[in-house]
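[1] build the 3D model from these lines:
(chains A and B)
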Amino acid sequence: MGASDGIELLGKPRGPGSDTMLGTPQYKRDRCVTGVHGLDEILRGGIPYGSTLLVGGTCGSGKTTLAMEFVVNGAAMGEATAYFAATEPSVKLLENVRQFSFFDMDMVDKGLLNVFDMDVTYSWLGLTKATFTMDDVNALVKAITDIVNTIGVTRLVIDSVTTLCYKIPNDQLIRDFLFTLGKTLATQGCTTMLIAEITSVGMSHGGGRSLWSSFGVEEAILDGIMVLGDIDRRGHLLRYLQVIKMRGTDHSRAKYALELTPNGVMLTPMLKWGVDV
Amino acid sequence: MARKIEFDAEDVEFFGDVGSIGSPKLDNMMRGGIPRGFTILCVGEPGAGMDLFCKQFSSVAEDPENTVLISTGESQHEILQLFRRYSWPLDLRVRTIGEEFNRNVLERDLKASKFRLEGFSMADIQKLAQTRFVEVDDTDYLIEMVSQVTNLGPYFRCVVDNLDFFFQRHDDARVVSMIRVMQAHTQLNRGLLMLSISSDTVNKSLEREMVLIADIVFDFEVKMIGTEFETRMVIRKFRNAPENLSVMSYRVTEEEGITPETVERII
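    Prediction:
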C-alpha cells in the first residue's frame, strides 16, 4: 500500500533502535507504552499511567484488536493484565485473536493475560436482572477493583462498556459508575480502556452533542477519548483512529489510517489529499 | 376432542368409584371417600394440620408406584421421619421441589452475596478467569411439577403440598392455567389430586377461581378457645354432593393422624 491509496506509510514496526514517524521520542516513565504500532508516537510516548480511556468506534473498526494488542503487549512485558469480554464469549475472542502474531496463548496459561467473560462475572455476583440497581453497580465496581487489586492488574480493558451501561437505568448512574471506576483504578495505577460501540463518529448537527460515545456522558468524566471509524474513499472503506482527548499529555489530533495486519494494528498518517473527509 | 383413556377392567374393579381420603371416619362421613377423578383443594392457616393431612392422604396409596407426594417445603429426611412416626408405608414416590430449589438457586444466591460482601479471593479470580460459560439453572419448577403429575397413569394419586411456592415465583395466571391442566388430567384418568395452599397467599378472586376448578374444598382453621387450641376442618365444597358439606373439629392421634371428633352439617 502506498501514497496512491491515500495513505503514506512513514513508520516502521517498532523495535529496538527503530526510528518513529515523529522523530526520536523522549518516553517518560509515567507513560504506559501501548506497544501498538504508531499509537505511542501519536500520544508522545504512551498513555499516562492510571488513565481511563474511552475507545469508541463503529463496528468492525478494530476496537477489539487494538484493545487486545494493548493488554497483550503489557503481558509480554510481564505485567498482569485483564480483559473483560462483554460482547462476545471469551472462547471466541481468544480464537479470533490467535491469528495475530502478537498473541501468545502462553500468556493466558501463565496468568499474565486474564480474560473474563462478563456474563460469568454477572452471574457470580447475582447480577441476573436486565437492569442494575445502585447496589448492583457498586458490586460490579468492587468486583473489578478487587480483581485489579488482588492480581496487580496494570492494564485493563472492558469490551464493551456500552453493553454494560445499557443495564444502568439512567445517565446519572452511568456517570457515577464511570467516575468511581476511573477514580478507583487510577489510584491503583491501572491504565484502562473502555470500549464503546457507536453508530457514527463526529459532532452531531444541531443538538450539539458529540458522537464520541454511546451515552454522551462518558467524555467529560474520562481521561482520554480515541475514536475509530471508517472513511469512504472512492468506494473503499478505510479505517482510521483519532485521539480526541488525552489528559496529561500532548498528542496529535489528526486522523491516522488504521490497518489490521497479521502483526496487529498499524497506524500511519493519513494524507488529506486522497481522502474525502 | 378429548383423549380417551382405556381403563383396564381389573383396575376398574380394584380401584372402584371412590378412594380413601386417609381417615376412615372422614371416608364414612363422605359416603365412602373421594370420587375418582376429583381434585381436592386444601386451604389452611399455618399450624392447622393441613401438611399432615396431605401426607395422610398420600399414605393410603392403593398403588404406590402410581402415587407421588410433591412437597415444596420439606426435605426428604423430614418426610421420611414423619411417615415412620405414623408407621405409614414408605414405598410411594416423594419429590421435594423446595429442597431442590434451595440446593440449586439459594446456594448460588448465597455465593453471590458472599462475593458482593467479601469480594473475590485469588482462588476465586483464577477460577473466574477460567470459567467460560454461565452455569444456567433455568429449571422451571412449575413445568416440572405439572409434567410429573400429567405423566401419571390411570387411577393415580398425587399431592402437591403446597402451591404457595409456585404463586410466589410465577405469574398467577400461569399457575392457575397449570392447575387446570392437572385437574383435566386427573378427571380424565380417574386420579385423585390434592392441592394445598396457605390462606391469604392469593387474593380473593384468585382463590375463588381455584375453588371453582376444584371438586372438593377443605378449609383448615386453628382457633384459640380459652387456653386451648381448637383445630377445625370445613368442607365448603363437594361437587354433586352438597350433603357432605360440614364443619368438624379434629384431633391428631398417633394411630390415625388427623381424626374428626365432632361433626356439624352445614346443610
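
[2] was I right about B:Q148 contacting B:V94?
    No. If you go by CB atoms under 8 Å, B:Q148 and B:V94 don't touch, sitting 11.4 Å apart. Glycine gets a C-beta too; all of them are placed from N, C-alpha and C.

[3] who touches both of those two?
    Common contact partners of B:Q148 and B:V94 (CB atoms under 8 Å, 6 or more residues apart in numbering or on different chains): B:V68.

[4] count the neighbours of the residue of the stretch 101-250 of chain B found nearest chain A for me.
    Closest contact between the stretch 101-250 of chain B and chain A, by CB to the nearest CB, is at B:A112 (3.0 Å). Close neighbours of B:A112, defined as other CB atoms under 10 Å in any protein chain shown, add up to 18.

[5] buried residues, stretch A:246-257. List them.
    If you call a residue buried by 16 or more other CB atoms under 10 Å in any protein chain shown, then stretch A:246-257 has these buried ones: A:246, A:249, A:251-252, A:255-257.

[6] so B:A129, which of the three states?
    The three-state label given to B:A129 by DSSP: H, G, I helix; E, B strand; the rest coil is helix.

[7] tell me how far it lies from A:L127.
    Separation of B:A129 from A:L127 (CB to CB, to the nearest Å): 18 Å.

[8] next one: A:C59
    26 Å.

[9] of the two, who's got more company?
    Each of A:C59 and A:L127 has its neighbours counted (other CB under 10 Å); A:L127 has more, 21 against 10.

[10] which residue is the nearest non-sequential neighbour of the more buried one?
    With sequence-adjacent residues excluded and distances taken as CB to CB, 6 or more residues apart in numbering or on different chains, A:L127 is closest to A:D136, at 5.2 Å.

[11] can you tell me the element that neighbour falls in?
    helix A:134-151 (DSSP states H and E).

[12] one more: B:V43?
    strand B:39-44.

[13] what does that strand contact?
    B:21, B:34, B:50, B:53-54, B:57, B:182-183, B:186-187, B:192-199, B:207, B:210-211, B:213-221.

[14] buried stuff in it?
    B:39-44.

[15] now swap in stretch A:263-273 and tell me
    Buried residues in stretch A:263-273, counting neighbours by 16+ other CB under 10 Å, are found at A:264-270.

[16] give me the subset of those lying in helices.
    Of those, none are assigned to helices by DSSP state H.

[17] tabulate those residues (TSV), appending distance to B:V136 and pLDDT.
    Shown next, in TSV, are these (distance: CB to CB, whole Å; pLDDT from 0 to 100):
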residue	distance to B:V136	pLDDT
A:G264	35	95
A:V265	36	96
A:M266	41	96
A:L267	41	96
A:T268	46	94
A:P269	49	92
A:M270	46	82
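
[18] from the residues you listed, pick the one nearest chain B.
    Nearest to chain B among the buried residues of stretch A:263-273, with distances taken as CB to the nearest CB, is A:G264, at 22.8 Å.

[19] list the contacts of that closest one.
    A:G264 touches A:36-37, A:65, A:69, A:100-102, counting by CB under 8 Å, 6+ apart.

[20] no more questions from me, cheers.
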